[in-house]
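Chemist: Mind looking at a prediction? Sequence and model below.
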Amino acid sequence: MADTVESSSGATYGESPERQNRLQRYRDLRFTEEELAVILLTPVVSFLLAVSFYPIFDTVVGSLHTGYVLEINPQEFVGLENYRELYGSGPLLDQFLNGDGFWNALRVSLIYTFVSVPIELVLGLGLALLLNREFKGKYFAQAAILFPWAIPTVINARIWAWMFNGQYGVINDLLIRVGILQQPFPFLAKPDSALYAMLFITIWKTSSFMALILLAGLQSIPDHLYEAARMDGASRIRQFWDITLPLLKPTLLVALIFRTLPAFQAFGLPFGLTGGGPASATTTLVLFDHQLTFNRLNFGEGAATATIITLIALAIAMVYVGTLYEPEVR
Amino acid sequence: MSYDSNTLEIERFQWVGKKVGFYGSIFIIALVSVFPILWMFITSLKQPGNVVTFPVEYIPRNPTLANYRAAIEGAPFFRYLLNSAIVATGTAVLDVLLGSLAGYALSRLRFRFKLPVLLLILGTAMLPFIARLIPLFSLARSWGLLNNYLGLIIPYAAFQLPFAVWIFQAYFKELPDSLEEAGLMDGLSRIGVLFRIILPVSAPAMATAAIIVFIYAWNEFLFALTFMTEDSMRTITVGIALYQGEFQYPWGTISAAVFMSVIPLILFMLFFQRKVVEGLTATGKA
């Protein structure tokens, strides 16, 4: 840019000194690295502060009030009353194991997250090991495997709701054909099987995503390590445990965080598959919060639930980083 | 050599077995991955009366496009698609712009507080969406951004910005220092170097970031459901999710609608598969 100004100013004889002066200043628009960094980062940081941090702060404040945000009631400071309402009454352990409402949603979300993510990780690793070599048709295989990830979660939920249909679903038909079932089973109408179906669908959808992230990690492991191990007579399994897994650790960390946090915030899948039912057996925390806020217009408790979700999400992220992060040795 | 032929035979047999096992498992995995979409397609071609039969029909008898006609007449799907395209494109443009500038600063410039700034930006990716929903909804309402494309573009761009920044800074880090030095020697200012040298060679990173952000914005549901209350402003994802049809659950029509809505995604994936993989793996490389 600077030289455009230079060349154009070079051709302007007889300009007023004032204008010359201005052009000169323009030409001196040479920031130090730090000034430039401030200029480039200010829009991004202020954008994120406004759209990501401020709302969190607002939600925390709102969780201490009634009639928060939409002015349906006058806002009133109530301290921790919203949290107390969510808690209900009874000993903590008892509520955690048997409570309904918030506690039920918390259990569903914890089960959903901590059952699906480890299975996805193992399946994804298997897929990644399978894809980590050259073969004919790899392009098409990869495209096919990426399909589930590309389909919007809520549309995917509608698709599977049809396939799991208790009367006409193709899954019932297939299971009867191979002799596992005698007659159609209403998967989505029973609490246990609805939760299992939801787990199955999310595992189906996300293992491929895991595989791709892990594949990148596998490809960054230098071949000579394996060659050296082969020279020393290490078996394939030994190579996997001693080379692949330790070197894959950073990638595993990223994959875990990338999956655990979205899984903990599952919304579209239960919304489209079961609407949270039957009898709130598939109501995840975010779906619970959404219903609380938009169906029951209980904004205070909605904000309290959102605050708790935030705290748990940050705790999960910190636990992962703490256990898996190793400072790079240079 | 006769004593060798036996072992050779066995080896060849094992080789063939391995190949069959390998391609067989790849085939099964691929089939399981595409089956739901395939099933939607099959359902959508059935005669309305044959959709709800048991045992189910695997190959539609007398295939028909009636379900597609019903779907198109039942809801403004092309309008939904247009809405999604505008929102997703706007989000991608905004994130490429902001992400490339921030990514450049974070990867190629020396300044104080670099690590805290990087952590601040990446940290926002950890914040739950639901905790941002109501405050942003109330802001959007007071600024008249409900049922407005910007009302979705702005939050989406903020949510995906950490990933865009990450993709760009990873890409810029790999560029040789000599690139900038040559520009500075030639008398370019630092801004000149950024706009004339660095950004022009960063097309691959731009494509990767744009595609990842685009797919996110296309697929997002929670905010799209909440911020677009008018039917004509709904995105395709919400439009399909809320599509009921006039009568009780017309699965044939829904299948046709779903299949139409994923055609753009299927084409997108086939065209940009490599870019998508690059994008995912770039975010995966810590």
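Modeler: Done, it's in. Numbers count the residues shown, from 1 in each chain, chains lettered A, B, ... in the order given.
Chemist: Tell me how far residue A:161 lies from residue B:47.
Modeler: 22 Å (CB to CB, to the nearest Å). C-beta here means a position set from N, CA and C on the backbone, and glycine is covered the same way.
Chemist: Those two: who's more crowded?
Modeler: When residue A:161 and residue B:47 are compared for neighbours, residue A:161 comes out ahead with 21 against 15, by other CB atoms under 10 Å in any protein chain shown.
Chemist: residues contacting that one?
Modeler: By CB atoms under 8 Å, 6 or more residues apart in numbering or on different chains, the contact list for residue A:161 reads A:188, A:272-274.
Chemist: Near chain B, list only the ones from the residues you listed.
Modeler: Among the contacts of residue A:161, the residues within reach of chain B (CB under 8 Å from any CB of the partner chain) are residue A:272.
Chemist: now, among the contacts of residue A:161, which is nearest to chain B?
Modeler: residue A:272 (5.5 Å; CB to the nearest CB).
Chemist: Next, the buried residues of stretch A:298-313.
Modeler: Of the residues in stretch A:298-313, A:298-310, A:312-313 count as buried by neighbour count, 16 or more other CB atoms under 10 Å in any protein chain shown.
Chemist: Got the domain ranges for the chain?
Modeler: The chain I'm using is chain A. Chain A breaks down into these domains under automatic domain parsing: A:1-30, A:33-60, A:96-324.
Chemist: wait, I meant chain B there
Modeler: Split by automatic domain parsing, chain B gives B:2-64, B:75-284.
Chemist: Quick one, which of the ones you listed gets closest to residue A:218.
Modeler: Taking CB to CB, domain B:75-284 is the member of those nearest to residue A:218, at 10.3 Å.
Chemist: what about that closest one, average pLDDT?
Modeler: Averaging pLDDT along domain B:75-284 gives 87.
Chemist: per-stretch mean pLDDT over the domains of chain A, give me the minimum one.
Modeler: Mean pLDDT is lowest for domain A:1-30 among the domains of chain A, at a mean of 52.
Chemist: give me the element residue 257 is part of.
Modeler: Unless you meant another one, I'm taking chain A. Under the criterion of DSSP states H and E, residue A:257 resides in helix A:245-264.
Chemist: I was after chain B.
Modeler: Residue B:257 belongs to helix B:251-284 when elements are defined using DSSP H and E.
Chemist: Run the angle between that helix and helix A:245-264 for me.
Modeler: Calculated by axes from the mean of the first three to the mean of the last three CA atoms, to 10 degrees, helix B:251-284 forms an angle of 140 degrees with helix A:245-264.
Chemist: So which bits of the helix holding residue A:257 are buried?
Modeler: Those would be A:248, A:250-264, for helix A:245-264 by 16+ other CB under 10 Å.
Chemist: Then stretch B:89-96?
Modeler: Buried residues in stretch B:89-96, defined by neighbour count with 16+ other CB under 10 Å: B:89-92, B:94-96.
Chemist: ok, is it in contact with chain A or not?
Modeler: No: remark: stretch B:89-96 sits outside contact range of chain A, by CB under 8 Å from any CB, the gap being at least 9.1 Å.
Chemist: next one: that stretch to chain centre, how far?
Modeler: Put simply, stretch B:89-96 sits 13 Å off its chain's centre (CA atoms, centre = their mean, to the nearest Å).
Chemist: Same check on stretch B:179-196?
Modeler: With CA atoms, centre = their mean, you get 34 Å for stretch B:179-196.
Chemist: What separates the first and last residues of it, distance-wise?
Modeler: 11 Å (CA to CA, to the nearest Å).
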